[in-house]
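Undergrad: coords below, sequence missing:
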């Protein structure tokens, strides 16, 4: 081969950054093949098969709509559109986080037996969650047309909000993947954490409905901005403010940077911890 | 051949290991939990000197057997050589493309089919999809598990599992082949077949490392053996001599049980 591989102790805790990322980039076929296989396997053997990709979000939306009816909230058609839009984006991010938490620990055999940048595992988890999120666009589109919600150039603002959400979702997946290697309880805590996060985010209620006393949480909760901007564009055709964008991208990049840094420092230990 | 390979000459260094140390800390408790991390109870930190100041050169053309008791550091050494675990100190140089078959792991996701696992394993190892697909039928033929190749791996028996794992590692025909305990499972027919395959893989431009408790296999196919104990090389040399010395240390020289691998 004329090629020599050298294995030495890592200096300063980080592997050489540029070769590391070119290694990750070379594994992109793994990421796409893994995501496709995993999606197929998840509904393998169920009666509805891949139809579940549409059924899951629809059922989810109706269950929460039922909750809003029972507790006597505003049940107008716009409320339903707001609920579905917010819920689907929220579930994309938290699904990515849940799948990320399992990505290293359940990839145990591969981690123990092959040398590759471990980062491709949580990245795959986010890609899988994104593939599950895609069919909801169809559902949202149908609701949008039926309810006659505004259609205009403002809808293009969905793209940067989506990009920021994907970066943020990737950051959460990487972070929980590390956490779960060291504390296996992470996986048990996460469902409750995401449930609480749902209640603290403007999904089951709108931004305007929040009690003024609770307003400070909107500054602490990154999803407040993501979901607020997302639903404002879809429901009222309102463009996000510059401040919204700065908030979203700051959260997204800061989280991703911290998560990747921690991951790269720790990943050499993963094979010893599984 | 899957890996594009320049020919190596016998005697040329394939793997050079210099002053290798591997130390890791582990908690005695197997699955660490958040509560115990907070309260710092129920766990002791144990420092494991898996490999201590180990130096080794493996030339092309050699079939190196690695023997030693459980916990001697055999698998740790293989993991460092394969680049899976970085050394604590020292340096490892590998001249060529490595294929590993460590602790029988090819399939990492039991819900996916054998075919998907083989493809994903290859992609993770850095091959392209085209390269894997080119070799896929040879892998399936060698594993000889029939239509099961397209069933989820959770339906596989242990034997089917190891057949597929072995097939992947040997069909790829790498410059450096590391086989860890792979010959100890599977039925007699497959064991024979895999042994034959390893024999055909012996060549001047390849180096093979075989980790096994099957001493008869080691004697039959290796031309060089190291005996590891507590992370150090106790003895290296002619297979018959090293195996004899190892057996004597175990005081099983008279028992035939250690030979019962084939």
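TA: Received, thanks. Since this is a predicted model, take the numbers as computed values, not measurements. Residues are numbered from 1 along each chain as shown, chains lettered A, B, ... in the order given.
Undergrad: now for stretch A:15-32, what's the gap between its first and last residues?
TA: 25 Å (Cα to Cα, to the nearest Å).
Undergrad: To clarify, my last question referred to stretch A:210-230.
TA: 17 Å.
Undergrad: for the record, mean pLDDT for that stretch?
TA: Averaging pLDDT along stretch A:210-230 yields 86.
Undergrad: Please apply the same query to stretch A:243-253.
TA: Mean pLDDT, computed over stretch A:243-253, is 95.
Undergrad: cool, stretch A:72-89 as well?
TA: Average pLDDT, stretch A:72-89: 84.
Undergrad: likewise stretch B:223-232?
TA: In the prediction, stretch B:223-232 has an average pLDDT of 92.
Undergrad: buried set for it?
TA: B:224, B:225, B:226, B:227, B:228, B:229, B:231 (16 or more other Cβ atoms under 10 Å in any protein chain shown). Quick note: C-beta positions are derived from backbone N, CA and C, even for glycine.
Undergrad: now do stretch A:104-115
TA: Residues A:104, A:105, A:106, A:107, A:109, A:110, A:111, A:112, A:113, A:114, A:115 are the ones in stretch A:104-115 that count as buried (16+ other Cβ under 10 Å).
Undergrad: Among the buried residues of stretch B:223-232, which one sits closest to residue A:125?
TA: Each of the buried residues of stretch B:223-232 was checked against residue A:125 using Cβ to Cβ; the closest is residue B:231, at 35.8 Å.
Undergrad: do you know how far the closest one is from residue B:19?
TA: Residue B:231 is 13 Å from residue B:19, where distance means Cβ to Cβ, to the nearest Å.
Undergrad: which residues are in contact with both of these two?
TA: Counting by Cβ atoms under 8 Å, 6 or more residues apart in numbering or on different chains, the residues touching both residue B:231 and residue B:19 are residue B:54.
Undergrad: Secondary structure added to the buried residues of stretch B:223-232, as TSV?
TA: Shown next, in TSV, are the buried residues of stretch B:223-232 (DSSP: H, G, I helix; E, B strand; the rest coil):
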residue	secondary structure
B:224	strand
B:225	strand
B:226	strand
B:227	strand
B:228	strand
B:229	strand
B:231	coil
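Undergrad: mind checking how far residue A:197 is from residue B:247?
TA: For residue A:197 relative to residue B:247 (Cβ to Cβ), the value is 61 Å.
Undergrad: Residue B:216 too?
TA: 11 Å.
Undergrad: One more: residue A:68?
TA: From residue A:68 to residue B:247 the distance is 75 Å (Cβ to Cβ).
Undergrad: now residue A:161
TA: Residue A:161 is 69 Å from residue B:247, by Cβ to Cβ.
Undergrad: Helices of chain A, residue ranges please.
TA: Applying DSSP state H to chain A gives helices spanning A:17-26, A:28-42, A:52-70, A:77-106, A:108-113, A:120-146, A:158-182, A:186-200, A:216-220, A:222-231, A:242-273.
Undergrad: Show me which positions of the fourth one end up buried.
TA: Neighbour counts over helix A:77-106 (16+ other Cβ under 10 Å) mark A:79-106 as buried.
Undergrad: Below-threshold pLDDT in the stretch 51-200 of chain B: ranges please.
TA: Applying pLDDT under 70 to the stretch 51-200 of chain B flags the ranges B:100-108, B:182-186.
Undergrad: meant to ask about chain A
TA: A:1-2, A:10-12, A:44, A:73-75.
Undergrad: and if we set it to 50?
TA: Residue ranges of chain A with pLDDT under 50: A:1.
Undergrad: wouldn't residue A:160 be in contact with residue A:245 here?
TA: Yes. Using Cβ atoms under 8 Å, residue A:160 is in contact with residue A:245, at 6.7 Å.
Undergrad: which phi and psi does the closest residue to residue B:109 other than its chain neighbours have?
TA: Leaving aside its sequence neighbours, residue B:109 sits nearest to residue B:117 (Cβ to Cβ, 6 or more residues apart in numbering or on different chains; 6.4 Å). Backbone geometry at residue B:117, expressed as degrees, to the nearest 10, gives phi -60, psi -40.
Undergrad: who in the stretch 101-250 of chain A is up against chain B?
TA: Contact residues, the stretch 101-250 of chain A versus chain B (Cβ under 8 Å from any Cβ of the partner chain): A:106-116, A:120, A:182-186, A:189.
Undergrad: Quick check: bridge partners of the residue sitting nearest the centre point of chain B?
TA: In chain B, the residue lying closest to the centroid (Cα atoms, centre = their mean) is residue B:180, at 2.6 Å. With DSSP bridges applied, residue B:180 shows beta-bridge pairing to residue B:211.
Undergrad: what's the spacing between it and residue B:156?
TA: Noted for residue B:180: a distance of 19 Å to residue B:156, by Cβ to Cβ.
Undergrad: Over to residue B:144?
TA: 13 Å.
Undergrad: With neighbour numbers in mind, choose between these two.
TA: residue B:156 (21 against 15; other Cβ atoms under 10 Å in any protein chain shown).
Undergrad: My read is that that one contacts residue B:148, right?
TA: Yes. Between residue B:156 and residue B:148 there is a contact at 6.6 Å, judged by Cβ under 8 Å.
Undergrad: What strand or helix carries residue B:50?
TA: strand B:45-59 (DSSP states H and E).
Undergrad: Okay, angle between the following helix or strand past that strand and strand B:45-59 too, please.
TA: Using DSSP H and E, the helix or strand that follows strand B:45-59 towards the C-terminus is strand B:63-67. Angle of strand B:63-67 versus strand B:45-59, following axes from the mean of the first three to the mean of the last three Cα atoms, to 10 degrees, is 160 degrees.
Undergrad: Show me what strand B:63-67 is packed against.
TA: helix B:74-81, strand B:207-211, helix B:215-221, strand B:224-229, helix B:239-250 (3 or more Cβ pairs under 8 Å, 6 or more residues apart in numbering or on different chains; DSSP states H and E).
Undergrad: Same list (the ones you listed) but as CSV, adding distance to residue A:229.
TA: Putting the helices and strands packed on strand B:63-67 into CSV (distance: least, Cβ to Cβ, whole Å) gives the following:
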stretch, distance to residue A:229
helix B:74-81, 47
strand B:207-211, 56
helix B:215-221, 64
strand B:224-229, 60
helix B:239-250, 68
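Undergrad: just to revisit the earlier point, out of the buried residues of stretch B:223-232, who's nearest residue B:69?
TA: Residue B:69 lies nearest to residue B:229 out of these, by Cβ to Cβ, at 6.7 Å.
Undergrad: Tell me the bridge partners for that closest one.
TA: With DSSP bridges applied, residue B:229 shows beta-bridge pairing to residue B:232.
Undergrad: That one: what's it in contact with?
TA: B:68, B:69, B:72.
Undergrad: give me that answer again for 10 Å
TA: Shown in contact with residue B:229 (Cβ atoms under 10 Å, 6 or more residues apart in numbering or on different chains): B:67, B:68, B:69, B:71, B:72, B:73, B:235, B:246, B:249.
Undergrad: Farthest pair within the residues you listed?
TA: B:71 and B:235 (17.7 Å).
Undergrad: out of those two, which sits in the more crowded spot?
TA: A direct count of neighbours by other Cβ under 10 Å for residue B:71 and residue B:235 places residue B:235 higher, at 17 against 14.
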